[in-house]
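Output the structure for:
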Amino acid sequence: MHLSRSLRRLTKVFLTVPCPLCQRPASPVLCTDCYRQIQTCRWPSATRGNTTQNTSAPTLTLHDDSALSVLAWGRYQGVLKQVLALLKYGDQTDIGLWLGHLLGQYWQTSQRRTAYRQLPVVVPIPLHEERRQQRGYNQAALIAAGFCRVTGLSLVEHGLVRIKATEAMYGLGVNARQTNLADAFRLGTGLPSKARQILLIDDIYTTGTTAQAALIPLIQAGYTVTGIATVARAVFVSPSV
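Presented below is the predicted three-dimensional model:
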């Protein structure tokens, strides 16, 4: 895996790398047509700051009934869903940095940036070490790195550690997700003073269960988590009554 990644990077120096979705010439990551399609998944600017269910800015209700803001670049559907699958399972590390770049630009132009008295530090949601070794990287950490390159925020890549090898979350209900993630995280290394706020970064926001579990050790240690930024957010359509 590591050899193939190195060869792909070397190839980029000499050849135009094909779009990972359709194999046509890409610049810099997707071809023009796939890039246009992924932009249709992006939340429109007009919805920023609106906290209704079907916008980019919902809130996650915490155990103490306070609310954590959630900023997502796009809807988890279409080409964006395909690209995230390639990032997680296709050894396409450059996609992670690129998506982080898009998310960072989106965050910069949102109202979130102007709400801070002191800019936060960025902590990605970690993978369990066994899964990280299998994959070769943590996709959330790659997104966070791209995000920080754009925003200039400080990255604390190992601020959280995942100590429980959880089941895959796909297909699990809310209660099963909560049981699966109970006591899954602990504090890692490199966290700053508790006076600094923390912004969590992940690839996909579905029910908020993972974010809830990641928050617990941070809040117990006295840190303030100001929000979570993700590339995509699942949209659940309520059945007609």
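
residues contacting the closest residue to residue 219 other than its chain neighbours?
The shortest distance from residue 219 to any non-neighbouring residue, by CB to CB, 6 or more residues apart in numbering, is to residue 225 (6.9 Å). To be clear about C-beta, it is placed using only N, CA and C from the backbone, and glycine gets the same treatment. By CB atoms under 8 Å, 6 or more residues apart in numbering, the contact set of residue 225 is 68, 197-200, 215, 218-219.

Which stretches in this structure count as helices?
For the chain, the helices defined by DSSP state H occupy 2-14, 32-39, 78-89, 93-108, 129-135, 139-151, 174-181, 209-220.

Buried ones in the shortest one, by neighbour count?
Using 16 or more other CB atoms under 10 Å as the burial criterion, the residues of helix 129-135 that qualify are residue 135.

low pLDDT regions in the chain?
1-16, 45-67, 111-117, 165-182, 236-241 (pLDDT under 70).

hmm, back to that, out of the contacts of residue 225, which two sit at the greatest distance?
Using CB to CB, these span at most 14.4 Å, a distance reached by 199 and 219.

Which one's more surrounded, those two?
Between residue 199 and residue 219, counting by other CB atoms under 10 Å, residue 199 is the more crowded of the two (23 against 16).

Next up, the contacts around that one.
Contacts of residue 199 (CB under 8 Å, 6+ apart): 120-123, 153, 225-229.

Output these as a markdown table; include the columns distance to residue 147.
Below are these laid out as a markdown table (distance: CB to CB, whole Å):
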| residue | distance to residue 147 |
| --- | --- |
| 120 | 11 |
| 121 | 12 |
| 122 | 6 |
| 123 | 11 |
| 153 | 7 |
| 225 | 16 |
| 226 | 14 |
| 227 | 13 |
| 228 | 12 |
| 229 | 7 |
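
of those, closest to residue 138?
Once CB to CB is applied, the member of the contacts of residue 199 that ends up nearest residue 138 is residue 123, at 11.7 Å.

and residue 148, how many neighbours?
Around residue 148 there are 20 residues (other CB under 10 Å).

before we move on, what about residue 18?
So residue 18, with other CB under 10 Å, has 12 neighbours.

That one: what's it in contact with?
So residue 18 contacts 24-26, 31 (CB under 8 Å, 6+ apart).

Not counting its neighbours along the chain, what's nearest residue 86?
Per CB to CB, 6+ apart, closest to residue 86 is residue 92, 4.5 Å.

hang on, isn't the one you found packed against residue 20?
Yes: Residue 92 is within contact range of residue 20, at 5.5 Å (criterion: CB atoms under 8 Å).

Mutual contacts of the two, please.
Jointly contacting residue 92 and residue 20 under the rule CB under 8 Å, 6+ apart are residue 86.

Next, find the distance separating residue 98 from residue 164.
Going from residue 98 to residue 164 by CB to CB, to the nearest Å gives 30 Å.

out of the contacts of residue 199, which are inside strands?
121-123, 225-229 (DSSP state E).
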